[in-house]
Each structure stands twice: as C-alpha cells, then as structure tokens.
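Q: Okay, sequence plus prediction incoming.
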Amino acid sequence: MIVIPAIDLKDGRCVRLRQGDMAAETVYSHDVAAVAGGWQDRGACLIHIVDLNGAVDGHPMNVDHIQTILQTVSVKIQVGGGIRHIDTIRRYLTLGVWRVVLGTAALNDRTLLDQACHEFPGRILLGLDAKGGKVAVQGWTRVSATEATALLRDLAMFPLAGVIYTDIARDGMLTGPNLPALREVVEHSTIPVIASGGISRIEDLRAIQSLGQRIEGAIVGKALYDGKLDLADAIKAVSVATGRSC
C-alpha cells in the first residue's frame with residue numbers, strides 16, 4: 001500500500017475543505033508547485049490532485065497550476081475534478097498526468113467512460129465519493145440515489161485502473177476512515193481500491209492496509225498539512241510489511 005499526499009486546488013491555492021464544503025476552506029499555500037515539491041522530497045511517489053473549482057463548474061479551472069506542478073516534480077500525478085469530456089482526458093494525459101479520475105462522468109456518461117478506458121487502458125480511475133452510502137457528484141454538491149456499491153457493481157465490466165473511495169462525512173475531519181464502508185467496497189470491487197477520507201494516524205493507515213491486497217493506497221490530506229502525520233514516517237510504517245514504498 002502506498003501513502004498518497006493530496007493537493008486540493010481552489011482558485012490556484014492549496015486548500016483543504018471540511019466534508020467537501022467549498023465555503024469551509026483552510027488555505028495552506030499560494031505556491032502549489034512548492035507544496036508538490038515538498039511531498040516529493042519527503043518520499044511521495046504519487047500525488048493526488050483535485051481541481052475543486054473544476055469539480056463544481058464541470059470543466060477544468062486550474063490546468064495552468066497543474067501544469068506547473070507537472071513541470072516541477074518527477075513523481076507520478078493523478079488528477080480529478082471537472083473531467084467530463086474525452087478532450088479533457090487527452091489534454092491532461094498529454095501534459096504528463098499519469099492517471100485521471102472520473103466521478104460525475106462515470107455515473108452520468110457511460111459512453112465517455114467506455115471510450116476513456118479503452119483509449120487509455122490503465123490510466124482511468126473511478127472516483128467513488130459517498131455520503132450516507134449514496135454517490136455524490138458535481139463536486140459533492142449533489143447526492144444521487146445510487147448506492148456506492150451498486151455503482152461499483154454496475155461498472156465492473158469497464159477496464160478501470162482502480163477506484164478511489166471517499167467517505168465525505170470523514171473528509172477533512174481527522175476522525176479516522178469509515179472502515180466498515182471501505183471494507184464493503186473492497187469486498188465488492190474487482191479492481192484496486194484507494195482509500196480516502198478521515199485518515200489522521202499511522203494506526204488508520206495500518207487498519208486500511210489490513211483490509212487486504214486489494215488496497216492499493218491511501219490518500220492523506222489534512223493530517224499532513226496540520227502536522228498530525230509525517231509523510232516519511234507514514235510511508236515507512238506501511239512499507240514494513242511489503243518491503244516497498246511505491
């Protein structure tokens with residue numbers, strides 16, 4: 001399992017939100033490239049970037065800042081937020097993004113999902129964001145009637161690279177991951193799972209890691225920015241069992 005630091009972009013700044021609320025932000029830096037470089041220096045081999053403005057508006061809003069990050073670091077980058085057209089996917093991958101995350105599009109546009117998975121095998125992730133077990137879309141501003149595990153089953157035939165599962169109620173709250181919900185996702189998934197939301201301690205990472213080999217990684221945000229968790233220590237802690245950090 002790998003530990004993946006998150007960079008959430010809002011108006012070109014590195015921020016963290018509470019439970020996805022765009023009005024409840026904490027600004028950590030105006031220099032997002034420096035933030036990415038810092039995570040690389042501390043041992044990250046993959047950075048997770050979310051264009052928060054893009055997620056709400058439905059199209060990328062922070063591409064220039066993401067491009068600057070790509071020019072600054074050499075580690076792999078995965079990007080989500082507002083990716084709802086094949087041209088957007090092509091643009092990001094051409095810029096050097098390793099994988100893109102489809103959330104709203106995966107629920108609403110199966111034609112796009114199918115085209116993206118087959119045109120870019122191994123480079124499309126499902127962003128499965130849930131609130132009360134239901135899939136949230138459009139930057140978490142709307143909760144659908146679709147159960148998260150039902151969507152996962154419906155998409156089993158698509159050759160996705162993996163699924164990022166985020167429990168919105170835990171995101172940015174430092175209260176620990178929703179392990180029962182995450183375990184259910186792992187049990188229903190035929191693809192690698194990346195956990196996100198609420199992780200604040202090394203013990204949280206070990207608990208996620210214990211869910212089995214289907215777990216590929218864990219995304220950590222606020223705990224790193226608030227200094228409650230040290231990235232190098234976290235990477236070392238989850239690498240002991242496998243002898244590898246990436």
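A: Done, it's in. Residues are numbered from 1 along each chain as shown.
Q: Pass me the low-pLDDT residue ranges in this protein, would you?
A: 20, 139-140, 171-173, 241-245 (pLDDT under 70).
Q: again, only using 90
A: Along the chain, the parts satisfying pLDDT under 90 run over 16-24, 56, 103-108, 129-146, 167-176, 239-246.
Q: For it, which segments count as strands?
A: With strands called from DSSP state E, the chain shows them at 2-10, 13-18, 21-29, 46-51, 76-80, 99-102, 124-131, 134-137, 142-147, 162-167, 193-196, 215-220.
Q: Of all these, which one is nearest residue 39?
A: Set against residue 39 and scored by Cβ to Cβ, the strands of the chain come closest in strand 2-10, at 4.3 Å. In short, each C-beta sits where N, CA and C put it, glycine included.
Q: what's that closest one packed up against?
A: Contacts defined by 3 or more Cβ pairs under 8 Å, 6 or more residues apart in numbering; DSSP states H and E place strand 2-10 against strand 13-18, helix 32-41, strand 46-51, helix 52-57, helix 63-72, strand 215-220, helix 231-239.
Q: could you redo the last one with a cut-off of 6 Å?
A: strand 46-51, helix 52-57, strand 215-220 (3 or more Cβ pairs under 6 Å, 6 or more residues apart in numbering; DSSP states H and E).
Q: out of these, deepest packed?
A: Ranked by mean neighbour count, the helices and strands packed on strand 2-10 are led by strand 46-51 with a mean of 24 (mean count of other Cβ atoms under 10 Å).
Q: what would the helices and strands packed on strand 2-10 look like in a markdown table with distance to residue 95?
A: A markdown table is the format used below for these (distance: least, Cβ to Cβ, whole Å):
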| stretch | distance to residue 95 |
| --- | --- |
| strand 46-51 | 12 |
| helix 52-57 | 14 |
| strand 215-220 | 21 |
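Q: hang on, the earlier thing: same list, the strands of the chain, but as a markdown table with distance to residue 117 please.
A: Below are these laid out as a markdown table (distance: least, Cβ to Cβ, whole Å):
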| stretch | distance to residue 117 |
| --- | --- |
| strand 2-10 | 21 |
| strand 13-18 | 29 |
| strand 21-29 | 30 |
| strand 46-51 | 20 |
| strand 76-80 | 15 |
| strand 99-102 | 9 |
| strand 124-131 | 5 |
| strand 134-137 | 18 |
| strand 142-147 | 19 |
| strand 162-167 | 12 |
| strand 193-196 | 17 |
| strand 215-220 | 17 |
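Q: out of those, deepest packed?
A: strand 193-196 (a mean of 28).
Q: how far out from the middle of the chain is that strand?
A: Relative to its parent chain, strand 193-196 has a centroid offset of 7 Å by Cα atoms, centre = their mean, to the nearest Å.
Q: what's next to that strand, contact-wise?
A: 163-164, 166, 177, 182, 185-186, 208, 214-219 (Cβ atoms under 6 Å, 6 or more residues apart in numbering).
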